[in-house]
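> I'd like to go over a predicted model; first the sequence, then the structure.
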Amino acid sequence: MDRGPKDTSRPIRKNASLSSPRSPACGNRAMCVIQEVIMPYEKIDVECYSGYKVNERPVAFTYQKRRREVVEIVDRWYEGGFEAQNSDVSYFKVRTLEGEVFLLRYVSLFDAWSIVTPWLPLFAHL
């Protein structure tokens, strides 16, 4: 029995990105464009559930030398590619056991995970 994080995300939206007005991370498009320019990503180690595809969803990650367990996937979306199954970049807005919310990014081409550093205004409304 899989006891991974509870996935409460909405249905998959194809080709949504942080600069998309439909993206949950954006209040308005002008602000998103500014945030997209200054949005730093930091490489992290992520433990994943692999079901029908590799690195299907994160279950835990290490950030600032602390392991954080993912208890909920609040939202997820994809960027690039024509189909969600073949997307180039996957985003996961996750809630940890401690109640913290983070935005994780997986770039399949490089098999690399990163995190948006949480000091940005992007996280002020969470």
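Looks like it came in fine. Remember, it's a predicted structure, so these values are computed and weren't measured experimentally. Numbers count the residues shown, from 1 in each chain.

> specify the beta-bridge partners of Phe102.
Beta-bridge pairing of Phe102 under DSSP bridges involves Val94.

> hang on, isn't it packed against Ile115?
Yes - contact criterion C-beta atoms under 8 Å: Phe102 and Ile115 qualify, at 5.8 Å. C-beta: built from backbone N, CA, C; applies to glycine.

> pull up the overlap in contacts between those two.
Phe61, Tyr63 (C-beta atoms under 8 Å, 6 or more residues apart in numbering).

> Trp113 reaches Tyr106, doesn't it?
Yes - if you go by C-beta under 8 Å, Trp113 and Tyr106 touch, sitting 5.4 Å apart.

> need the residues touching each of these two.
Common contacts of Trp113 and Tyr106 (C-beta under 8 Å, 6+ apart): Val46, Pro58.

> residue contacts, Thr96?
Each residue near Thr96 by C-beta under 8 Å, 6+ apart is listed here: Arg68, Glu69, Val70, Val71, Phe102.

> redo that, cut-off 10 Å
Pro5, Ala60, Phe61, Tyr63, Arg66, Arg67, Arg68, Glu69, Val70, Val71, Glu72, Phe102 (C-beta atoms under 10 Å, 6 or more residues apart in numbering).
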